[in-house]
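Engineer: Predicted model and sequence below, questions to follow.
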Amino acid sequence: MHEWQVWLVAALLLFVAEMLAPGFWLLSVAVGCLAAGVVSLVVPGPIVPALSFAAGTLLSLVGIRPFLLRRLHPSGSAIRTNVDALAGKVGIVSERVDPVTGKGRVLVEGEDWRAASLMDAALEPGTRVMVVRVEGATLYVDKEM
């Protein structure tokens with residue numbers, strides 16, 4: 001097998017591996033291998049292809065990876081998880097929510113949570129409420145309109 005073929009097979013394997021382990025790190029190394037493979041077609045010997053591998057990988061890390069990260073993972077598309085995902089959800093009061101004592105419980109998406117009311121009036125069991133915000137393990141709720 002010729003040297004350029006080894007570089008191109010390595011690039012192909014790294015491209016496939018990138019699909020299994022996203023993050024664009026392996027893609028950058030694959031671009032470096034591709035550059036080294038092309039150079040080794042023209043320039044025999046290990047030194048110049050190795051230098052082109054290093055340069056191609058470095059340029060890809062600096063140029064291509066940040067571009068792809070911005071395009072494929074925009075900062076505004078963060079997915080809310082865990083308790084952060086509860087804001088805006090609708091629940092049912094399971095235990096009276098008293099604004100004076102601050103005690104009460106609501107059932108949201110099948111889970112029972114400590115709740116506090118944003119209203120001046122108590123919320124009775126069975127009342128539909130909306131989660132306005134989450135602080136720690138307490139859901140701040142308002143009566144659903």
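Structural biologist: Here it is on my side, so go on.
Engineer: Which parts of the chain are helices?
Structural biologist: Along the chain, the stretches classed as helices by DSSP state H are 3-20, 25-42, 47-59, 65-72.
Engineer: next one: phi and psi at the residue sitting furthest away from the middle of the chain?
Structural biologist: Note on the chain: the largest C-alpha distance from the chain mean falls to Pro44, namely 43.4 Å (C-alpha atoms, centre = their mean). Phi and psi for Pro44, reported as degrees, to the nearest 10, are phi -70, psi 160.
Engineer: If you count neighbours, what's buried in the helix or strand of the chain with the lowest mean pLDDT?
Structural biologist: Scoring the helices and strands of the chain by mean pLDDT, DSSP states H and E places helix 65-72 at the bottom, with a mean of 80. Neighbour counts over helix 65-72 (16 or more other C-beta atoms under 10 Å) mark Arg65 as buried. Just so you know, the C-beta spots here come from the backbone N, C-alpha and C atoms, and that holds for glycine as well.
Engineer: Next, the angle from it to helix 25-42.
Structural biologist: Per axes from the mean of the first three to the mean of the last three C-alpha atoms, to 10 degrees, the angle that helix 65-72 makes with helix 25-42 is 130 degrees.
Engineer: which residues sit against helix 65-72?
Structural biologist: Applying C-beta atoms under 8 Å, 6 or more residues apart in numbering, the external contacts of helix 65-72 come out as Phe24, Trp25, Leu27, Ser28.
Engineer: pLDDT for the residues you listed - can I get that in JSON lines?
Structural biologist: Converted to JSON lines, these look like this (pLDDT from 0 to 100):
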{"residue": "Phe24", "pLDDT": "80"}
{"residue": "Trp25", "pLDDT": "87"}
{"residue": "Leu27", "pLDDT": "90"}
{"residue": "Ser28", "pLDDT": "91"}
